[in-house]
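1. sequence plus predicted model, see below.
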Amino acid sequence: MVKVIRQRILVGVVAVMGIAVSGCDYWPPALQAQLEQLRSEVQTVNMEKAQLQNQINDLSKAKQDLQIQADDLARMNREKTGMISSLQNQVEALRVKAVKAMAPKAPAKAVAKPTVKPAVKAPVKKKVPAKRP
């Protein structure tokens with residue numbers, strides 16, 4: 001009788017070990033439903049992640065474009081500021097000339113100076129002695 005009990009125990013242990021090693025293919029319906037829900041949530045999160053990544057890429061591109069535009073506008077602003085300064089200087093110079101032109105001229109002197117220019121002498125070239133080494 002002890003031998004029979006030992007055989008039954010051995011068969012039971014082997015059966016339990018066989019089930020443990022091979023795994024259990026039976027999943028309760030509630031657990032299967034929960035697994036499917038988790039899989040669908042993971043799939044949804046992955047799609048949202050891809051959409052957000054695309055939005056980040058689009059926003060980064062837009063940021064670069066706007067930065068380029070801002071740099072161009074800053075450069076043009078500096079150029080226009082220089083042009084404005086130059087034009088203001090020209091206007092001021094013309095205003096000074098206009099004021100001088102409109103100022104009353106001094107009366108002409110009765111005695112006019114002769115307008116003969118003195119003769120200009122041609123410059124004389126000097127010979128430079130050659131340097132000796």
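-> Ah, there it is. Numbering: from 1, shown residues only.
2. per-residue confidence averaged over the helix or strand encompassing residue 98?
-> Residue 98 belongs to helix 29-102 when elements are defined using DSSP states H and E. In this model, helix 29-102 carries a mean pLDDT of 96.
3. distance of residue 76 from residue 69?
-> Remark: distance between residue 76 and residue 69 (C-beta to C-beta, to the nearest Å) = 10 Å. C-beta coordinates here come from the backbone N, C-alpha and C atoms, glycine included.
4. and what of residue 4?
-> 92 Å.
5. likewise for residue 54?
-> Distance from residue 54 to residue 69, by C-beta to C-beta: 23 Å.
6. residue 100 versus residue 93, what's the distance?
-> Distance from residue 93 to residue 100, by C-beta to C-beta: 11 Å.
7. swap in residue 55?
-> Distance, residue 55 to residue 100, using C-beta to C-beta: 67 Å.
8. give me the number of residues near residue 61?
-> Residue 61: 10 surrounding residues under other C-beta atoms under 10 Å.
9. ugh, typo on my part, it should be residue 36
-> 10.
10. distance of it relative to residue 46?
-> Separation of residue 36 from residue 46 (C-beta to C-beta) stands at 16 Å.
11. and for residue 86?
-> 60 Å.
12. ok, residue 98 next?
-> With C-beta to C-beta as the criterion, residue 98 and residue 46 are 76 Å apart.
13. for residue 29, same thing?
-> 26 Å.
14. more neighbours, the two?
-> Neighbour count, other C-beta under 10 Å: between residue 29 and residue 46, residue 46 has more, with 10 against 7.
15. list the residues that contact the more buried one.
-> Applying C-beta atoms under 8 Å, 6 or more residues apart in numbering to residue 46 gives no contacts.
16. quick check: it vs residue 53, distance?
-> 10 Å.
17. cool, residue 31 as well?
-> Taking C-beta to C-beta, one finds residue 31 at 33 Å from residue 53.
18. one more: residue 12?
-> 55 Å.
19. just give the number of residues close to residue 90.
-> The burial count for residue 90: 10, using other C-beta under 10 Å.
20. lovely, talk soon.
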